[in-house]
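> what's the 3D shape of this:
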Amino acid sequence: MANYYLYIVEGKTEHVFVDAYKNDIIWAGKVEVFNLWNNDISKIKRKIKPRTTAICILDIDVMKNIERLNANLKVLEKLSVIAKVIVLIQYKNFEDEIVGASANIKHIRDIYGSKKDFKSLFCAERDVKNKLSKISFDINKMWQFHEDIKVQIPHQTINDIQINRDKKQSKIKLSQSK
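Numbers count the residues shown, from 1 in each chain. Here you go, the predicted structure:
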């Protein structure tokens, strides 16, 4: 039986990023732009196939509606079609994650010369992986867990999330320690 992966991301930049790396570094799967902080998960739950691992990539720069986020994560976990829920925290936002995972830049404006234009230029980029390789981007440095988040998002799927390189498959394996 096949397993499916659903990436629930907050914006187009994350969508472009996941699309660029799926099949190569991270598991192939469907990417859904959906804000778990602001929207009710019932709007997309019918689209989820059986045996799906939901990988939720969350920004924490604006942490409003924590109750809704936690409710959405609980609903996801309880869906019979969901095999597992993994929550990846972006400390503060996608742009900060890129900077933190890159050896050659200190600010997001260093990529395209402007912070304001980053999102539109990144989304229009033809070869995202090549662009990021030029700044010594290391995907293994993305989504590092931050202890202070446990207090505000008390959700078990955040506990001890690890990103490990699976040498046999040469893909990043997102796994949850027990």
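> buried stuff in the longest helix anywhere in the chain?
Secondary structure of the chain read by DSSP state H shows that its longest helix is helix 66-78. When burial is assessed from 16 or more other Cβ atoms under 10 Å, helix 66-78 yields the following buried residues: 68-69, 72-73, 76. In this view, the C-beta of every residue, glycine as well, is placed from N, C-alpha and C.
> again with stretch 29-49
Neighbour counts using 16+ other Cβ under 10 Å place 29, 31, 34-37, 41, 44, 48 of stretch 29-49 among the buried residues.
> now swap in stretch 79-91 and tell me
Neighbour-count burial for stretch 79-91, with 16+ other Cβ under 10 Å as criterion, is recorded at 81-82, 84-91.
> and the residue nearest to the spatial centre of the chain, how far from Ile82?
Closest residue to the average C-alpha location of the chain: Ile57 at 2.9 Å, with Cα atoms, centre = their mean. Ile57 sits 16 Å away from Ile82 when distances are taken as Cβ to Cβ, to the nearest Å.
> follow-up on the earlier one: what angle do the helix or strand hosting the residue nearest to the centre of the chain and helix 66-78 make?
With elements delineated by DSSP states H and E, Ile57 resides in strand 52-59, which encompasses its position. With axes from the mean of the first three to the mean of the last three Cα atoms, to 10 degrees defining the directions, strand 52-59 sits at 160 degrees from helix 66-78.
> contacts for stretch 107-122, please.
Surrounding stretch 107-122, the residues in contact under the criterion Cβ atoms under 8 Å, 6 or more residues apart in numbering are 11-13, 16, 95-96, 98-99, 104-105, 128, 131, 135.
> can you give me the end-to-end distance of that stretch?
Across stretch 107-122, the straight-line distance between its terminal residues is 15 Å, by Cα to Cα, to the nearest Å.
> for the closest residue in space to Lys134 that isn't next to it in sequence, which three-state class applies?
Residue nearest to Lys134 in three dimensions, not counting chain neighbours: Asn104, with 7.7 Å by Cβ to Cβ, 6 or more residues apart in numbering. The three-state assignment at Asn104 reads coil, by DSSP: H, G, I helix; E, B strand; the rest coil.
> distance check, Asn104 against Arg68.
Taking Cβ to Cβ as the criterion, Asn104 is separated from Arg68 by 38 Å.
> give the contact list for Asn23.
Remark: with contacts taken as Cβ under 8 Å, 6+ apart, Asn23 is in contact with nothing.
> thanks a lot, see you next time.
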